[in-house]
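Undergrad: Could you look at this predicted model? Sequence included:
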Amino acid sequence: MSVLLVESISVSRGGRPIARDMSFDAGRGELLAVMGPSGSGKTTILRAIAGLEPLTGGRIEVDGVRIEAGRSLSAAQRAILHRHVGFVFQFHHLFANMDALANVALAQIHVLKKSRAEAMHRSREMLASLGVAERASAFPHELSGGEAQRVAIARALAVDPPVLLMDEPTASLDPARRGDLAATLKALAADGRTIVMATHDEEFVRACAHRVITVR
Amino acid sequence: MQRDRLIRVVLLVCVAAGVALGAQGPRGVSSGNDLRPQFLRWGGDAEGGAPFVEADPADPTRLVGFDVEIAGIMAAGLGREPRFVQVGFTSLEASAARGDFDIGLSGIEDTPARRVRLAVTIPYYEFREVLTVRKRDGERYRSLADLRGHRVATLGATLAYDLLLKAESDYGLAPITYEDDVHPYSDLALGRVDAVLLDQVLAERGVRRNPSLTNSNDRVAVGHYVGVLAREHVALRDRIDAILRSAMRDGRLEAIFRKWGVWNEDQARLYASLSGEPDKVRPTLSDEPDKARPTGPGEPDKVRPTFPESNSPTVDAWGAARRYAPAMIRAAGVTLVLSCLSMGLAVGLGSLIAAGRVYGGRPLQLVLTAYVELIRGTPLLLQLFVIYFGLATVIELPAFMAAMLGLALNYAAYESEIYRGALLAVPAGQLEAARTLGLSTRQALWLIRGPQAFRLALPPMTNDFVALLKDSSLVSVITVVELTKQTSIFAANIGSWVVPGALCAALYLVLSLPLAHAARRLERSWRQP
């Protein structure tokens, strides 16, 4: 059974079509790569799944939440969607006003309403599992590209979403780090997480993806 | 080509400006020694109003008042044409000393301090200081001693103010100074102060305008109106004295004061004592240290004004600085507390306005934009007047509260623009990241966008706080005595701005420098990538 269903979606920006008539689905524990040339709309598709871009056609279903063209989500639907879909941005967008640990703990405290102590404990665990425990008190501008990406993954996973979207995950990584990331993603998928990544990196895709969706 | 044209335009503008200034020069207020034989330039404050000097209600380009007519008599006696120079009442003395005009006439009181610093004419009018109270308090407050613990209003730089300063230490009343003589009475009627001490001419006018007030009959003190000239103009002063004496003898002065409804027997006695021997005329204190005149034993007591002892004239600026230091430090405290409270309020209000303009619906955005433009487009001074005096019939704010509110409402408009810019400068990616984590718009503002915007806004905010610290000096117009006001009182008292000005500047720096330093440290510790 598919966790994520994308059906004939189109997205336009300023009247210009960015993505046209895209369809795919993804099952639990599946690791999907969306590939295609620059400007083909890979990132836009991920943003549409995360509810950041309105659809001009088609529909998306994530764990029962349906996003449709011409219909905006209610606050409650939006809350459910964001509990189900995590997003790791290409440039990470870690919150500049707080350290790595607070970045990871924020949604646990304010969205999941966990106690501060519990959130901090869990955040430390997550940073440790991604190998950046010692960078917990560093601010985003003090982190390297690879560190920032792992903190961003920890932040996205903190609310435990079944679907994780990643935009160009290898853009800021050297070859050794790419290997680490591939292992991390495989482990997450093995854990039952559905991962959809937009990427140019064929080698990386070969190393970890179960399936490739090509956009033109 | 383009550049040549620009240079030509700039040159043309400079030449035009030069011509305009040159044309204005000889007629300017402060230039004009060469015009002296032709004109008698007399300084006064047309805001003082009738019966002294005011714009003719029928023709506002003309001035009327007894001081205008007396200036006319003086000018005619000198064979000159009178020419009026507008100077704020509290600046008249300093302006006379600078030589901005030949003689100052605007209900200026004879004080020992003035005689040390200026050449003073013989008195041309005698007044009593009168205590004005609300009718229902007429029985309770008959003298200054009855007003222990109460607020008593007067005009700054007057004999009445000196009397109140003495009464402050003797009876523990609180003197409140105003810049004009209208609002002490309207505030008395409103209950903001409990009495007003001013000369009888002003007191009678005040009671005419406010029927709920009454003048006490108790005689607090007697004073005189005189003309004031720069010290070096003793010869001109003596000629003017002779003209005044002649006008006292032939009834011209009496005719003027009768016309303005302020003639009384006190004047008849004063003129009888003055219009005779010149030597008898000049009261006890010498106006030129090198030509001290002894007091004649037969000199009528009337002529000698009753001065409060505590305010003996002094030219010892440093001694005065020591005496004034506690008051100056207190006033600096008022400035600091007022600025901090106003800024705190302005930051809170400004944040709300900015949030409303960024997140609110169209109608809210329009209302808030209109507020910001209204506040930015009108002077702070006007806003303070409206809040304190204008709204008095609706809500009677205490002076300090009105000052705080006025500054806060004004600065909130400026702060809101800073915060709005800062909110819009927070990268969109930060907000999208917040959204994908499931944070609500409000949470994203409170936890992410607001704190990041605040860091961007900190340097301009610090700048504004230092500006507010200095703008707070404007609140003296609504009777709050803060650092600048206290300095001008000090300067008026010793007749020099050098020491008070230096002390005042030092205190402002003591207030603003640590603040700038703290802000720099905060900025450094919050520095973003």
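TA: That came through fine.
Undergrad: mind checking the longest helix of the chain?
TA: Just going to use chain A. Using DSSP state H, we find that the single longest helix of chain A is helix A:175-190.
Undergrad: looking at chain B here, not the other one
TA: The residue-count maximum for a helix in chain B (DSSP H) belongs to helix B:317-359.
Undergrad: next SSE after it?
TA: helix B:362-377 (DSSP states H and E).
Undergrad: Any buried residues in that following helix, and which?
TA: For helix B:362-377, the buried set under the neighbour-count rule, 16 or more other CB atoms under 10 Å in any protein chain shown, comprises B:368, B:371, B:372, B:375. Heads up, the C-betas are built off the backbone N, CA and C, glycines and all.
Undergrad: Can you tell me which of the residues you listed is nearest chain A?
TA: Taking CB to the nearest CB as the measure, chain A lies nearest residue B:368 of the buried residues of helix B:362-377, at 24.7 Å.
Undergrad: thought the closest one was touching residue B:350?
TA: No. Contact criterion CB atoms under 8 Å: residue B:368 and residue B:350 do not qualify, at 10.8 Å.
Undergrad: okay, and the common contacts of the two?
TA: The contact sets of residue B:368 and residue B:350 overlap at residue B:416 (CB atoms under 8 Å, 6 or more residues apart in numbering or on different chains).
Undergrad: Check which helix or strand residue B:127 maps to.
TA: If you go by DSSP H and E, residue B:127 is part of strand B:125-134.
Undergrad: which residue sits closest to residue B:360 in space, ignoring its chain neighbours?
TA: Once flanking residues are discounted, residue B:360 sits nearest to residue B:368: 7.0 Å by CB to CB, 6 or more residues apart in numbering or on different chains.
Undergrad: do residue B:445 as well
TA: Nearest residue to residue B:445, sequence neighbours excluded (CB to CB, 6+ apart): residue B:355, at 6.7 Å.
Undergrad: For chain A, which residues are neighbours of chain B?
TA: For chain A, the residues in contact with chain B (CB under 8 Å from any CB of the partner chain) are A:50-52, A:75, A:78-79, A:82-83, A:85-87, A:89, A:91, A:93-97, A:106-107, A:110-111, A:140-141, A:155-156, A:158-159.
Undergrad: The closest residue to chain A within the stretch 201-350 of chain B - how many residues pack around it?
TA: Closest residue of the stretch 201-350 of chain B to chain A, CB to the nearest CB: residue B:347 (17.8 Å). Each residue near residue B:347 was counted by other CB atoms under 10 Å in any protein chain shown, and the total is 22.
Undergrad: Before we move on, what's the pLDDT of the residue nearest to it when sequence neighbours are not counted?
TA: Leaving aside its chain neighbours, residue B:347 sits nearest to residue B:415 (5.9 Å; criterion: CB to CB, 6+ apart). As predicted, residue B:415 sits at a pLDDT of 96.
Undergrad: and the closest residue to residue A:138 other than its chain neighbours, how many residues sit next to it?
TA: Computed as CB to CB, 6+ apart, the closest residue to residue A:138 that is not its neighbour in sequence is residue A:100, at 5.5 Å. By other CB under 10 Å, 29 other residues sit near residue A:100.
Undergrad: which ones are touching residue A:100?
TA: Counting by CB under 8 Å, 6+ apart, residue A:100 makes contact with A:94, A:127, A:132, A:135, A:136, A:137, A:138, A:139, A:140, A:143, A:147, A:151.
Undergrad: how close does it get to chain B?
TA: Residue A:100 is 14 Å from chain B, where distance means CB to the nearest CB, to the nearest Å.
Undergrad: Quick one: the strands in chain A, in order.
TA: A:2-13, A:16-27, A:31-35, A:57-62, A:65-68, A:85-88, A:163-167, A:194-198, A:211-214 (DSSP state E).
Undergrad: from the ones you listed, which stretch is densest packed?
TA: Counting by mean count of other CB atoms under 10 Å in any protein chain shown, strand A:85-88 has the highest mean neighbour count of those, with a mean of 27.
Undergrad: Direction included, what does that one pair against?
TA: Here strand A:85-88 is paired, per DSSP bridges, with strand A:163-167 (parallel).
Undergrad: quick one, the strand it pairs with and strand A:57-62 angle?
TA: 120 degrees (axes from the mean of the first three to the mean of the last three CA atoms, to 10 degrees).
Undergrad: follow-up on the earlier one: would you mind identifying the next helix or strand past the strand holding residue B:127?
TA: Using DSSP H and E, the helix or strand that directly follows strand B:125-134 along the chain is strand B:151-155.
Undergrad: Check the secondary structure at the residue nearest to residue B:102 when sequence neighbours are not counted for me.
TA: Using CB to CB, 6+ apart and skipping the chain neighbours, the partner closest in space to residue B:102 is residue B:41 (4.9 Å). Under DSSP: H, G, I helix; E, B strand; the rest coil, residue B:41 falls in the strand class.
Undergrad: Kindly state the beta-bridge partners for residue B:41.
TA: Assigned bridge partners for residue B:41, using DSSP bridges, are residue B:83.
Undergrad: That one: how many residues sit nearby?
TA: Taking other CB under 10 Å as the criterion, the count of residues near residue B:41 is 22.
Undergrad: same deal with residue A:191?
TA: Applying the criterion other CB under 10 Å, we find 9 residues in the vicinity of residue A:191.
Undergrad: How about it: what's its closest non-neighbour residue?
TA: In this structure, residue A:191 finds its nearest non-sequential neighbour in residue A:29, 7.6 Å apart by CB to CB, 6+ apart.
Undergrad: and if you look at residue A:94?
TA: Leaving aside its sequence neighbours, residue A:94 sits nearest to residue A:140 (CB to CB, 6+ apart; 3.9 Å).
Undergrad: Was I right to think the one you found contacts residue A:95?
TA: Yes. Using CB under 8 Å, residue A:140 is in contact with residue A:95, at 7.2 Å.
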